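structure, please.
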Amino acid sequence: MEVAAKKLRVSEKVFGSRTTEGCTSPGNVRQKGIPMTRNKVAVEYYMEGFRRSDHGMVLSCLADGVEWVIPGMFHITGKEAFDKEIENEAFVGSPSIEIMRMTEESNVVVAEGAVQCVRRDGGRLNALFCDVFEMEDGKIRRLTSYLMEVKEPA
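Sure thing, here's the model as predicted:
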């Protein structure tokens, strides 16, 4: 919990406590000392919106007609459908999301990381992800999420 609280304090320094002001560059955002591009800032802002379960924050980062694909699980289109997945009925509370690496080329940002959350049935989801964001004018046009659940050793 201490790590999550520390991350929230850091994100508040970057994005502030106001969360629905829009998916725009909050100023001098840096990743490992290097200024982040507009696209990377949008992805980080989007992730912070999920960490806070802040629908407005997440939706402000999406282009009209956004698509989200998790191969083998679902394919949704549009902000309304996306909005329903921000707080999925299978889970309770907000997820813990850690981005380990973010890379960008052209208008594609790839974020690798880990996510943990509590399932409604009392279990926990512990997964690694690789999200591929196709960007358009600083907004997420298409997201393909590759997920791998990490099971505890028996």
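
so E89 touches R120, yeah?
Yes: in terms of CB atoms under 8 Å, E89 counts as a neighbour of R120; the distance is 7.0 Å. Yep, even glycine has a C-beta here, placed from its N, CA and C like the rest.

more neighbours: the two, which one.
With other CB atoms under 10 Å as the criterion, E89 and R120 differ in neighbour count, and R120 comes out ahead with 11 against 8.

that one contacts G93, doesn't it?
No: assessed by CB under 8 Å, R120 is found out of contact with G93, at 9.9 Å.

okay, which residue is most central for the protein?
The geometric centre of the chain, computed from its C-alpha atoms, lies nearest to M47 (CA atoms, centre = their mean), at 2.6 Å.

which parts of this structure are helices?
2-15, 38-52, 55-59, 79-86 (DSSP state H).

for the longest one, what is the average pLDDT?
Predicted confidence along helix 38-52 averages 94 (mean pLDDT).

which of the residues in it are buried?
39-52 (16 or more other CB atoms under 10 Å).

so the closest residue to R124 other than its chain neighbours bridges to which residues?
Setting aside the residues directly before and after it, R124 is nearest to V118 in space (CB to CB, 6 or more residues apart in numbering), at 5.9 Å. For V118, the beta-bridge partners under DSSP bridges are V92, R124.

quick check: the closest residue to G93 other than its chain neighbours vs L128, distance?
Take G93 and drop its neighbours on the chain: the residue closest to it by CB to CB, 6+ apart is V118, 5.6 Å away. When distance is defined by CB to CB, to the nearest Å, V118 is 18 Å away from L128.

so F133 touches V108, yeah?
Yes: when contacts are counted by CB under 8 Å, F133 is listed as touching V108 (6.8 Å).
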